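1. Provide a 3D model corresponding to the input given below.
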Amino acid sequence: MTQVLFIQHRAPSGSMSPAETLDAALVSAAFGQTVSLLFQGDGVWQLLPDQDTTNSGRKSLSAQLSALPLYDVEKLYADAESLRERGLYGRTLALPVTVLDADGLRELLACQHRILRF
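-> A predicted model of the protein is given here:
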């Protein structure tokens, strides 16, 4: 089975990229791909619970994120350095993620057949 890693590197508001990445991940999973998600850079902001999107004019990603297990997307990762840089390391996140250091990230990337970063 093909291993596909989607990298979420943008904040949840400001562009459609995070929603489009989640859509692509869900579609890939629906077609039998083994999908993993990595939250990196400003993408770690997507992991915060109770996001207020009223001022951004965009819908919250929480519905899409909560649908991930329904599509067997259960391999969720976050970059430790990205969390630390934004003061989020150790905070309660909306999703159960595995936090990876630099070595863990290299291992994750090495075992993927496809890596998609929108």
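2. CA atoms for contacts and neighbours, from now on please.
-> Will do.
3. contacts for the helix or strand of the chain with the lowest mean pLDDT, please.
-> Sorting the helices and strands of the chain by mean pLDDT, DSSP states H and E puts helix 62-67 at the bottom, at a mean of 83. Helix 62-67 is contacted from outside by 19, 22-23, 95, using C-alpha atoms under 8 Å, 6 or more residues apart in numbering.
4. pull out the buried residues from that helix.
-> Going by neighbour count (16 or more other C-alpha atoms under 10 Å), the buried part of helix 62-67 is 62, 65.
5. next one: stretch 75-91
-> For stretch 75-91, by 16+ other C-alpha under 10 Å, it's 75-83, 88-89.
6. do stretch 100-110 as well
-> Quick answer for stretch 100-110 (16+ other C-alpha under 10 Å): 100, 105.
7. quick one: average confidence on that stretch?
-> Averaged across stretch 100-110, pLDDT comes to 98.
8. do you have the helices of the protein handy? List them.
-> Per DSSP state H, the chain carries helices over the ranges 17-30, 62-67, 80-85, 102-110.
9. between the ones you listed, which one is closest to Met1.
-> When those are compared by C-alpha to C-alpha, helix 17-30 sits nearest Met1, at 11.1 Å.
10. report all helices and strands that the closest one contacts.
-> Where contact means 3 or more C-alpha pairs under 8 Å, 6 or more residues apart in numbering; DSSP states H and E, helix 17-30 is packed against strand 3-8, strand 34-39, helix 62-67.
11. can you tell me which residues contact Val4?
-> Val4 is in contact with 33-36, 112-116, counting by C-alpha under 8 Å, 6+ apart.
12. separate out the buried members of the contacts of helix 62-67.
-> 19, 22, 95.
13. what's the most distant pair in the contacts of helix 62-67?
-> Applying C-alpha to C-alpha across these, the maximum distance is between Asp23 and Leu95, 17.0 Å.
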